[in-house]
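Undergrad: With the sequence up front, the predicted model follows.
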Amino acid sequence: MNQTKHCITIGFLIFLELLFMVLCHAEHNSPVSGISNSDPKFLSPLGLLSTPRLLKKDIPEELKDAKHGIVMGVSSEKCDNGKVNITKDWDGSPPPHYCMDTIVQYNSAIPTYEGHRPLWPIFGEYQFVPPQRWLHNIEHGAIVMLYHPCAEPSEILKLKKLVKSCLWKYVITPWNKMSRELPFALVAWGCRLQMAKVDTGIVRYFIRSKAFRGPESHYLKQGQFSVGLIEVSNPPSDPSLDKVLC
Ligand SMILES: *[C@@H]1O[C@H](CO)[C@@H](O)[C@H](O)[C@H]1NC(C)=O
């Protein structure tokens, strides 16, 4: 009887393991990935809901802890010394790039760190440009301004003027996937600010603290994509002036 129970338990664990492997595989092959506005440096490519692979029986005797499972805060060569195998959580790779033979979709209306196309928009204001393009601009430290096309025109104008007066690395585009209650958004690498009304102080604070924080912010190369471009942003004559100006 005991043996049967044991077999069922083992069988169940194997099933969980297989399920985990299938889910991981699906995640890696899918261009549709999860969205978060937390710091991308700490995002796990496997997602945060994966089942831990380590089973209790793998814990070395001296590291067992009744309350936490594993004794916490103790560096160990047998378990976790903060150096070995750390790429299992994150391998440091940037978001993937996709050719036009692949559809790229996002789980969030306002992605902040996801896979995208290799050609990125010239900095400036657009009639419309999709996130599949501008996600690369925020990797270069840009600020993207999104507004619902039916938002209050005077508020749209106010936000455009503010953004344009703050920095040259910007992309401005309407985006109808935002709610009418929060019709304005600013997006920087890994974060977004959504607004019901344009507040000058908050907008400037966001741009000052979040612009030029992408992993390739020092990169000055202009974009190559210009479909829908209405007005090109004026780059500073001196690249060392490539800073937030407001
Ligand atoms: C590191 O990973 C390898 C392969 O999974 C494993 O054999 C090894 O035990 C791991 N080392 C530690 C310290 O966990």
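TA: That came through, no problem.
Undergrad: Give me the below-cutoff pLDDT ranges for this protein.
TA: Counting by pLDDT under 70, the ranges of the chain that qualify are 1-57, 239-245.
Undergrad: So the residue most central in space within the chain, which state does it fall into?
TA: Nearest to the mean C-alpha position of the chain, by C-alpha atoms, centre = their mean, lies Y113 at 2.2 Å. Classification of Y113 using DSSP: H, G, I helix; E, B strand; the rest coil returns coil.
Undergrad: phi, psi of it?
TA: Dihedral pair for Y113: phi -170, psi 90, per degrees, to the nearest 10.
Undergrad: Test my guess that it contacts W189.
TA: Yes. Counting by C-beta atoms under 8 Å, W189 is a contact partner of Y113 at 6.8 Å. In this view, the C-beta of every residue, glycine as well, is placed from N, C-alpha and C.
Undergrad: I figured I230 hits Y126, correct?
TA: Yes. Counting by C-beta under 8 Å, Y126 is a contact partner of I230 at 6.2 Å.
Undergrad: Looking at the two now, which is surrounded by more residues?
TA: Each of I230 and Y126 has its neighbours counted (other C-beta atoms under 10 Å); Y126 has more, 21 against 11.
Undergrad: Next, give phi and psi for the more buried one.
TA: phi -120, psi 150.
Undergrad: Quick check: bridge partners of it?
TA: Note on Y126: beta-bridge partners L229, judged by DSSP bridges.
Undergrad: wait, doesn't it sit right on G228?
TA: Yes. If you go by C-beta under 8 Å, Y126 and G228 touch, sitting 4.4 Å apart.
Undergrad: Pull up the overlap in contacts between those two.
TA: Counting by C-beta atoms under 8 Å, 6 or more residues apart in numbering, the common neighbours of Y126 and G228 are T173.
Undergrad: Can you tell me how far the closest residue to I156 other than its chain neighbours is from P95?
TA: Spatial nearest neighbour of I156, excluding adjacent residues (C-beta to C-beta, 6 or more residues apart in numbering): Y147 at 5.1 Å. In this view, Y147 and P95 are 24 Å apart by C-beta to C-beta, to the nearest Å.
Undergrad: just the helices in the chain please.
TA: Taking DSSP state H, the helices of the chain run over residues 2-29, 131-139, 153-166, 200-210.
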